[in-house]
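Next one to model:
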Amino acid sequence: MTDLQGRFAQIKTFVFDVDGVFTDGQVHLLASGECYRVFDIKDTYAVEQAIEAGFRVGIVSSANADGVRRWLGVMNVKDIFMGGPPGHKLDAFLGYVTRDKLNESEILYMGDDLPDHPILNRPDVLATCPADAADEVKAICAYISPKPGGHGAVRDVIEHVMKAQHKWATNL
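Next up is the predicted model:
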């Protein structure tokens, strides 16, 4: 078992950014002025499977969109920390860790850009990112998904963790 496989086997909580991780980072603007994002159903499926298997799933994002909140609710994600100033992510993450008495060595965080850097740089957190993350983020991540944001990167890390723990449904 590789060191990374060993880390995957320890994970109990997934924490994700939204834009650039669950999405490709684009925000589409309709003529009405309404904005929307596009999510990959494979990521949605993996989140649902992780929650069903007993993993915690949290969101830490600067975005604060009602549509995103509704979509997270459909997946039954309860731990949602959205909105706030650009530097709020670390405070939100640490608040989540403290509030729920989480062990940082059991947390996988996936982020894609500089606002995620302070969390990804935490010594005990398993830092991961999509293939198209910022170079500064890739430089500090233990695992870089071969999938870009919005195109299966979330599923990729969830599947790796669940397979390492023999919890991924492979007998279909």
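
What mean pLDDT does stretch 109-122 get?
Mean per-residue pLDDT for stretch 109-122: 97.

Give me the buried stretch members for that stretch, please.
Neighbour counts over stretch 109-122 (16 or more other Cβ atoms under 10 Å) mark Y109, M110, G111, D112, D113, P115, D116, H117, I119, L120, R122 as buried. Using the backbone N, CA and C atoms, a C-beta is placed for each residue, glycine as well.

what about that stretch, start to end distance?
10 Å (Cα to Cα, to the nearest Å).

what's next to that stretch, contact-wise?
Contact with stretch 109-122 is made by 14-17, 19-21, 25, 60, 62, 86-87, 89-90, 93, 104, 125-130, 132-134, 136-137, 140-141, 145, 149, 153-154, 157, as judged by Cβ atoms under 8 Å, 6 or more residues apart in numbering.

before we move on, back to that, could the buried residues of stretch 109-122 be laid out in TSV, adding distance to Y45?
Shown next, in TSV, are the buried residues of stretch 109-122 (distance: Cβ to Cβ, whole Å):
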residue	distance to Y45
Y109	21
M110	16
G111	21
D112	21
D113	25
P115	27
D116	24
H117	29
I119	25
L120	25
R122	28
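
Of the residues you listed, which is the nearest to D43?
The closest of the buried residues of stretch 109-122 to D43 turns out to be M110 (Cβ to Cβ; 10.5 Å).

Spatially nearest residue to that closest one (excluding sequence neighbours)?
Excluding the flanking residues, the one nearest M110 by Cβ to Cβ, 6 or more residues apart in numbering is T128, at 4.6 Å.

Is the one you found part of a helix or strand, or is it coil?
Here T128 takes the strand state, with states given by DSSP: H, G, I helix; E, B strand; the rest coil.
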